[in-house]
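Undergrad: What shape does this take:
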Amino acid sequence: MKSSELPFVRDMFDRIAPHYDFLNRTLSLRRDVFWRRALAEALNLLPGAMVLDVACGTGDVALTILRQAAPGVRVVGVDFAPQMLRLAKPKVRTGRADHSIFLAAADAFALPFEPGRFDAVTIAFGIRNIQDKISVLKRFRDQLKPGGRMAVLELATPEQGALRWIYLHYFNRLLPLLGRFFSGHSFAYTYLPASVAQFPPAAEFAALMQAAGFEKVRYRPMTMGIAVLFIGEKPR
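TA: Take a look at the predicted model:
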């Protein structure tokens, strides 16, 4: 990866991996389930499509895609945190998706696939951890077939009003305490609010996608702006 901080980020995700799913559901009040379903629906996959899910974590996005996809869709999930992949494997087996989901340890900047291999690329709650966003977006574009679609799901900060104040109070004060209590990790859920705060506003990130070569770029705020789904397509 391009940042000296990323080995630290990988270690952090490895350490919180056993509690990752539980905390996602608890701290988002289960809205993360709805957000992933919206991502899967936005892909509009045809039968037999191939999907690359970057920063796949414990496999929730890949499994959601398969539940909603046309027959014969396959998903390749990659993550740079080995403990996340270890937890994803039994979930894939339990979901009877062994022949449709393939897991691999890989860096977003060094994807081990030929260009133009995939019909869709997804990344959920991962791109904010990557500093050089324009470069990694270009790599995602290169992985797509002409006309292929990219979906980026990311946390965001409501822009104004009482909701923003409530959200920031929860996110900056309560969430670190809850995360530390359940995961035992003293920094991970302090890092999370900081990384979300540094993520560009939706319009700016959409402009980055366009600069990286995507067209038909649009975005959809969800749950009053707490999360945003971005969609773009590789030119034909």
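Undergrad: Contact partners for the nearest residue to Asp98 once chain neighbours are set aside?
TA: Counting by Cβ to Cβ, 6 or more residues apart in numbering, the nearest residue to Asp98 once its immediate chain neighbours are dropped is Val92, at 6.2 Å. In this view, the C-beta of every residue, glycine as well, is placed from N, C-alpha and C. Taking Cβ atoms under 8 Å, 6 or more residues apart in numbering as the criterion, Val92 is in contact with Gly59, Ala62, Leu63, Asp98, Ile101, Leu103.
Undergrad: Is Val92 within a helix or a strand, and which one?
TA: Val92 is part of helix 82-94, with elements assigned from DSSP states H and E.
Undergrad: need the next SSE after that helix, C-terminal direction.
TA: Tracing the chain C-terminally past helix 82-94 and defining elements by DSSP H and E, one meets strand 101-105 next.
Undergrad: Phe22: neighbouring residues, count only.
TA: Burial of Phe22 is recorded as 11 neighbouring residues (other Cβ atoms under 10 Å).
Undergrad: Distance-wise, check it relative to Gln143.
TA: From Phe22 over to Gln143 the distance is 31 Å, taken as Cβ to Cβ, to the nearest Å.
Undergrad: so what's the most centrally placed residue in the chain up against?
TA: For the chain, Ala124 is the residue whose C-alpha lies nearest the centre (Cα atoms, centre = their mean; 1.2 Å). Contacts were defined as Cβ under 8 Å, 6+ apart; by that measure Ala124 touches Trp35, Arg36, Leu39, Asp53, Ala55, Gly57, Asp60, Val61, Val152, Leu153, Glu154.
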